[in-house]
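Chemist: I'd like to go over a predicted model; first the sequence, then the structure.
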Amino acid sequence: MNKTIFITGASSGIGQATALYFANEGWNVVATMRNPEKQNILQNTDHVLVLPLDVENTKDIQNIIDKAIIKFGTIDALLNNAGFGQHGLFEATTAEQIQRQFAVNFFGTLEVTRALLPYFRKQKSGCIITITSGVGRVTVPLVSTYAASKFALEGFFESLSFELASQNIKVKIIEPGNIATNFEQTTKANFASDGSLTDYSAYLQDMDEVFKSIYSGGSSSTKDVAAEIFKAATDDTAILRYVIGSDLQPLIDIRNGGTDEAYMNVLRNTFVPKG
């Protein structure tokens, strides 16, 4: 029997690329998204089931999982991909925006994971894969609430991995660096700003130039990420973290291999105004 992966946030970007990749590898795919009617790449077939799911509406999660199991008989892997980036100055970010950032990126992810655990325990196997971010390990300015949600996921799933090893359930974390998706455009449209905070004007202008340089420095593709997710789901190892992108690995190496002061000085040289 073909294995089955359950994916959240599959309407575009990494989620959609992963759905296509696994389907091409012979897996059954449950591709969930908030508005299935708005995309035309993934279609219901014998091996692909497209279902509506907004992870903020936690009461719907169990029903969608049940539909997936009725269709394919089992679920072997979960990809927690649903999320968004609330970027901008912290002072300009509202309490409502912060709450929604965590409702989707953190609490929604936890509830999907919780709902699938009884099935994984019953079959004594399963793989939980979660997309975090490079800024879940290495932070940059203007992403404080987004980074906080990703740091929270990193800590949660590292801890959970020890518990679930006792049940033969694997936990994997995918950490993408700069990825070629529409994520940057989406976050710019949702950028928290406040015209009265003029003290930050020069800094925001400086950072705009810095990030333009970073984004122009190359990126991995969504297919590259999908291939790494497939590796995580099938390599049968206890590896926890999978880093994607030549831009990210050197910074993680600095963080892991030296002092905190040295690591912070590297980032301050880029993100703190001179003089």
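Modeler: Received it, and whenever you're ready, just let me know what you need.
Chemist: C-alpha only now, for contacts and for neighbours.
Modeler: Will do.
Chemist: and the residue nearest to residue 251 when sequence neighbours are not counted, how far is that from residue 219?
Modeler: Leaving aside its sequence neighbours, residue 251 sits nearest to residue 138 (C-alpha to C-alpha, 6 or more residues apart in numbering; 7.1 Å). For residue 138, the distance to residue 219 (C-alpha to C-alpha, to the nearest Å) stands at 17 Å.
Chemist: Equivalent analysis for residue 5, please.
Modeler: For residue 5, the distance to residue 219 (C-alpha to C-alpha) stands at 26 Å.
Chemist: Comparing those two, which shows the higher neighbour count?
Modeler: Shown here are residue 5 and residue 219; by other C-alpha atoms under 10 Å, residue 5 has more neighbours (26 against 19).
Chemist: May I have the phi/psi pair for the residue nearest to that one when sequence neighbours are not counted?
Modeler: Nearest residue to residue 5, sequence neighbours excluded (C-alpha to C-alpha, 6+ apart): residue 77, at 4.6 Å. As for residue 77, its main-chain torsions (degrees, to the nearest 10) stand at phi -150, psi 150.
Chemist: burial of residue 77, as a residue count?
Modeler: By the criterion of other C-alpha under 10 Å, residue 77 has 24 neighbours.
Chemist: I'd say it and residue 130 touch.
Modeler: No. Applying C-alpha atoms under 8 Å, one finds residue 77 not in contact with residue 130, separated by 10.6 Å.
Chemist: Find the residue at the geometric middle of this protein.
Modeler: By C-alpha atoms, centre = their mean, the chain has its centre lying nearest to residue 131, at 2.9 Å.
Chemist: tell me which element the nearest residue in space to that one that is not next to it in sequence falls in.
Modeler: With C-alpha to C-alpha, 6+ apart as the criterion, residue 131 has its nearest non-adjacent residue at 4.8 Å, and that residue is residue 174. For residue 174, the host element (DSSP states H and E) is strand 169-176.
Chemist: tell me what that strand is packed against?
Modeler: Using 3 or more C-alpha pairs under 8 Å, 6 or more residues apart in numbering; DSSP states H and E, the elements in contact with strand 169-176 are strand 126-131, helix 144-165, helix 222-234, strand 241-244.
Chemist: ok, residues contacting that strand?
Modeler: In this structure, residues lying in contact with strand 169-176 by C-alpha atoms under 8 Å, 6 or more residues apart in numbering are 120-121, 124-134, 136, 154, 157-158, 160-161, 164, 225, 228-229, 232, 238-245, 248.
Chemist: Just the buried ones from those residues?
Modeler: Listed as buried from the contacts of strand 169-176 are 120, 125-134, 136, 154, 157, 161, 164, 225, 228-229, 232, 241-245, 248; burial here means 16 or more other C-alpha atoms under 10 Å.
Chemist: which stretches of the chain form strands?
Modeler: 4-7, 28-33, 48-52, 77-80, 126-131, 169-176, 241-244 (DSSP state E).
Chemist: mind giving me CSV with those and columns for distance to residue 190 and mean pLDDT?
Modeler: Listed next are these as CSV, based on distance: least, C-alpha to C-alpha, whole Å; pLDDT from 0 to 100:
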stretch, distance to residue 190, mean pLDDT
strand 4-7, 24, 98
strand 28-33, 20, 98
strand 48-52, 23, 98
strand 77-80, 22, 98
strand 126-131, 20, 98
strand 169-176, 21, 97
strand 241-244, 25, 96
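Chemist: okay, now the nearest residue to residue 43 once chain neighbours are set aside: neighbour count?
Modeler: In space, and not counting its chain neighbours, residue 43 is closest to residue 50: 6.6 Å by C-alpha to C-alpha, 6+ apart. For residue 50, the neighbour count with other C-alpha under 10 Å is 20.
Chemist: List the contacts of residue 50.
Modeler: So residue 50 contacts 30-33, 36, 42-44 (C-alpha under 8 Å, 6+ apart).
Chemist: rerun that using 7 Å as the cut-off
Modeler: 30-32, 36, 43-44 (C-alpha atoms under 7 Å, 6 or more residues apart in numbering).
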